[in-house]
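**Student:** sequence and computational prediction follow.
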Amino acid sequence: MAEFTMPSLGADMDEGTLLEWLVGPGDLVHKGDPVAVVETAKSTIEVECFETGTMTELLVQPGTTVPVGTALAVIGSAKKRRPARPTPEKAAPVEVPTSPGPPSPPPEPAAVPPPAPPAARQPGHLEVGPLVRHLAEQGGVDLETLHGSGPGGRVTRTDVEHAAAARAGTGTPRVRATPLARRLAAELGVDLATVRGTGRESAVRAADVRQAAPGPSVPVVPTAATPVRPAPAGPHAAHPSEDRAAAMRQAIAGLMSRANRDIPHYYLSTTVDMAAASYWLHEHNRGSPVGERLLPAALLLKAAALAAREVPELNGFWTDGRFTAGEGVHLGVAVSLRGGGLVAPVLHHADTLALPQVMTALKDLVTRARTGRLRGSEVSGATITVTNLGDQGVETVFGVIHPPQVGLVGFGRVVDRPCAVDGLLGVRPMVTATLSADHRATDGAVGARYLTTVARLLQNPEQL
């Protein structure tokens, strides 16, 4: 037995609100499966399970705010309850004569059914993910009757949706929505077809229904152990989006105040010649399809990651009074949100990604960060963070370190500037790279080595 607890999704997170469960009691979950949606002060995040087993009990109701580390559910062994299989009738026992006599004729052998074809699935044996199982429950679809179109006959989401549409007598699948969202929609009289979903593949979530409801949000019943914090009432009560923005600003203010108070920062900057990188980028994009073209941000991020690998003193954490090097280079990327505030999702093992992979991952993270669809593993574990305000017109940015990290890299806008090259005055594209570093972990010489490595890599883009 293991407990699934409210995770810490950042150094500034002390508590979280469980918005909805993506699994139910009895569901088989695997390590890495999203099992719940949690709202923090900064974002709405899908939280993955870190154990493989069966969800035995859900301990916290959706809508409840609990501290980090609170048990949310109990996970048992990986044995999933399945319907009992019909057992073949036992053959009647053969009587053995007690006195000599003519031998009885041997019983006729029972008819043996022909073996099932290899693709046939035995009753009760069905391997599907928790999300597909929930979709089937919502649509009233019996998974045992479906023939999966996925690899090895696996039942996919599309199979379930088509079966649900056929069952309802319609030609199109019904609106994607979580179970809690459907219940709230029924209670609040909201037509799900008119709600814009912010979940995975545009699925409607409970928060979307509450926002679309014409009246006040439906109250959530708290558990006895974890009461829900009451919302302000009256004509001057804040709009949910205003509450969210205020909570985010408060969380950012608290973390940055602590960082400025506890971390002895030192700051360095250098100007990097981007002529070679710009030429390489132009040649690469000229021969690539539109969807595979790179932005300068991909080169900057990859250079920052490779430099962190070469200068590991800046790639890690300051905890318990000492520096601990990170296991791999996990690059936090500061992303500004449309409603204000920022989050820093993580590019894991960024130093090992090819430039096209960095570009694809960056686009994906930015899109999902701004739509509240990040996962727990994507907002924690960063070993060094990069902030890039070049697209906002800023030429130089000195950031505040995100504890417990010991370094933050800043990039500004690529600007054409006059400079001397080989004794001649010319105009070259330049970018200012900055470093904010923790003086407890390193000194200026280490920071200078890091920025020198970044400059060298950007001036030799073929090494990225």
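**Tutor:** It's in.
**Student:** only C-alpha atoms from now on, for both contacts and neighbour counts.
**Tutor:** Noted.
**Student:** please name the nearest non-neighbouring residue to residue 293.
**Tutor:** For residue 293, ignoring the flanking residues on the chain, the nearest one in space by Cα to Cα, 6 or more residues apart in numbering is residue 285 at 5.0 Å.
**Student:** so what touches the helix or strand harbouring that neighbour?
**Tutor:** Residue 285 belongs to helix 275-286 when elements are defined using DSSP states H and E. For helix 275-286, the surrounding residues in contact (Cα atoms under 8 Å, 6 or more residues apart in numbering) are 292-296, 299, 428-430, 458-461.
**Student:** can you point out the buried residues in the helix or strand that it is followed by?
**Tutor:** Following helix 275-286 in sequence order, the next helix or strand is helix 296-310 (DSSP H and E). With burial defined by 16 or more other Cα atoms under 10 Å, the residues of helix 296-310 counted as buried are 297-309.
**Student:** on that earlier part again, what's the local residue count around the residue nearest to residue 293?
**Tutor:** 15 (other Cα atoms under 10 Å).
**Student:** got the confidence number for it?
**Tutor:** At residue 285 the predicted local distance difference test score is 95.
**Student:** next one: residue 39
**Tutor:** What the model reports for residue 39 is a pLDDT of 87.
**Student:** same deal with residue 144?
**Tutor:** The predicted structure lists residue 144 with a pLDDT of 74.
**Student:** thought residue 369 was touching residue 343, still the case?
**Tutor:** Yes: using Cα atoms under 8 Å, residue 343 is in contact with residue 369, at 7.3 Å.
**Student:** need the overlap of contacts for those two.
**Tutor:** Counting by Cα under 8 Å, 6+ apart, the contacts common to residue 343 and residue 369 are 43, 335, 337.
**Student:** between those, which is nearest residue 418?
**Tutor:** The shortest gap between residue 418 and any of the shared contacts of residue 343 and residue 369 belongs to residue 335, at 31.1 Å (Cα to Cα).
**Student:** quick one: the closest one and residue 363 touch, right?
**Tutor:** No: under the contact definition of Cα under 8 Å, residue 335 does not touch residue 363, with a separation of 10.9 Å.
**Student:** ok, the two, which is more surrounded?
**Tutor:** For residue 335 and residue 363, the more surrounded residue by other Cα under 10 Å is residue 335, and the numbers stand at 21 against 12.
**Student:** what are the bridge partners for the more buried one, then?
**Tutor:** Taking DSSP bridges, one obtains residue 343 as the residues bridged to residue 335.
**Student:** show me where the stretch 151-300 of the chain has its helices.
**Tutor:** With DSSP state H, counting those that start in this stretch as the criterion, the stretch 151-300 of the chain has helices at 157-168, 179-188, 206-212, 240-262, 275-286, 296-310.
**Student:** residue 399 and residue 181, how far apart?
**Tutor:** Applying Cα to Cα, to the nearest Å, one obtains 39 Å for the distance of residue 399 from residue 181.
**Student:** no, scratch that, I was asking about residue 136
**Tutor:** 15 Å.
**Student:** more neighbours: which of these two?
**Tutor:** Set residue 136 next to residue 181 and count neighbours by other Cα under 10 Å: residue 181 wins out with 22 against 19.
**Student:** go ahead and confirm the more buried one touches residue 212.
**Tutor:** No: with contacts defined as Cα under 8 Å, residue 181 does not count as touching residue 212, sitting 11.2 Å away.
**Student:** show me where pLDDT drops low in the stretch 51-200 of the chain?
**Tutor:** 79-132, 134-135, 138, 149-153, 157-158, 165, 167-174, 179-180, 183, 200 (pLDDT under 70).
**Student:** how about 50 then?
**Tutor:** Regions of the stretch 51-200 of the chain meeting the criterion pLDDT under 50 cover residues 80-104, 106-123, 171-172.
**Student:** now the angle from the helix holding residue 285 to helix 296-310?
**Tutor:** The directions of helix 275-286 and helix 296-310 differ by 120 degrees, with axes from the mean of the first three to the mean of the last three Cα atoms, to 10 degrees as the criterion.
**Student:** now, which of the buried residues of helix 296-310 sits nearest residue 331?
**Tutor:** For the buried residues of helix 296-310, the residue nearest residue 331 by Cα to Cα is residue 305; the value is 6.7 Å.
**Student:** what separates the closest one from residue 274, distance-wise?
**Tutor:** Separation of residue 305 from residue 274 (Cα to Cα) stands at 17 Å.
**Student:** could you do residue 369 as well?
**Tutor:** When distance is defined by Cα to Cα, residue 369 is 29 Å away from residue 274.
**Student:** what of residue 381?
**Tutor:** Separation of residue 381 from residue 274 (Cα to Cα): 30 Å.
**Student:** can you check residue 396 too?
**Tutor:** From residue 396 over to residue 274 (counting by Cα to Cα), the distance is 15 Å.
**Student:** what of residue 213?
**Tutor:** 51 Å.
**Student:** neighbour count: those two, which is higher?
**Tutor:** Comparing residue 213 with residue 274 by neighbour count (other Cα under 10 Å), the higher total belongs to residue 274, at 22 against 19.
**Student:** quick one: the more buried one from residue 256, how far?
**Tutor:** Taking Cα to Cα as the measure, residue 274 and residue 256 are separated by 32 Å.
**Student:** confirm residue 385 sits in a strand?
**Tutor:** Yes: looking at residue 385 with DSSP: H, G, I helix; E, B strand; the rest coil, it is inside a strand.
**Student:** quick check: closest non-adjacent residue to it.
**Tutor:** Spatial nearest neighbour of residue 385, chain neighbours left out: residue 332 (4.2 Å); criterion: Cα to Cα, 6+ apart.
**Student:** the helix or strand hosting that neighbour - contacts with which helices or strands?
**Tutor:** Element membership of residue 332 [criterion: DSSP H and E] is strand 331-333. Under the contact criterion of 3 or more Cα pairs under 8 Å, 6 or more residues apart in numbering; DSSP states H and E, strand 331-333 touches strand 346-347, strand 384-388.
**Student:** neighbouring strands for that strand, and are they parallel or not?
**Tutor:** Using DSSP bridges, the strands paired with strand 331-333 are strand 346-347 (antiparallel), strand 384-388 (parallel).
**Student:** picking up where we left off before, quick one: which of the buried residues of helix 296-310 is nearest residue 434?
**Tutor:** Proximity of those to residue 434 was ranked by Cα to Cα; the top entry is residue 304 with 10.9 Å.
**Student:** wait, the closest one sits on residue 409?
**Tutor:** Yes: with contact taken as Cα under 8 Å, residue 304 and residue 409 are classed as touching, separated by 7.5 Å.
**Student:** list residues touching both of those two?
**Tutor:** Between them, residue 304 and residue 409 share these contacting residues under Cα under 8 Å, 6+ apart: residue 386.
**Student:** returning to what we had before: more crowded one of residue 343 and residue 369?
**Tutor:** More neighbours surround residue 369 than the other of residue 343 and residue 369, with 26 against 20 (other Cα under 10 Å).
**Student:** what is the neighbour count of the nearest residue to residue 376 once chain neighbours are set aside?
**Tutor:** Leaving aside its chain neighbours, residue 376 sits nearest to residue 47 (4.7 Å; criterion: Cα to Cα, 6+ apart). Using other Cα under 10 Å, residue 47 has 25 other residues around it.
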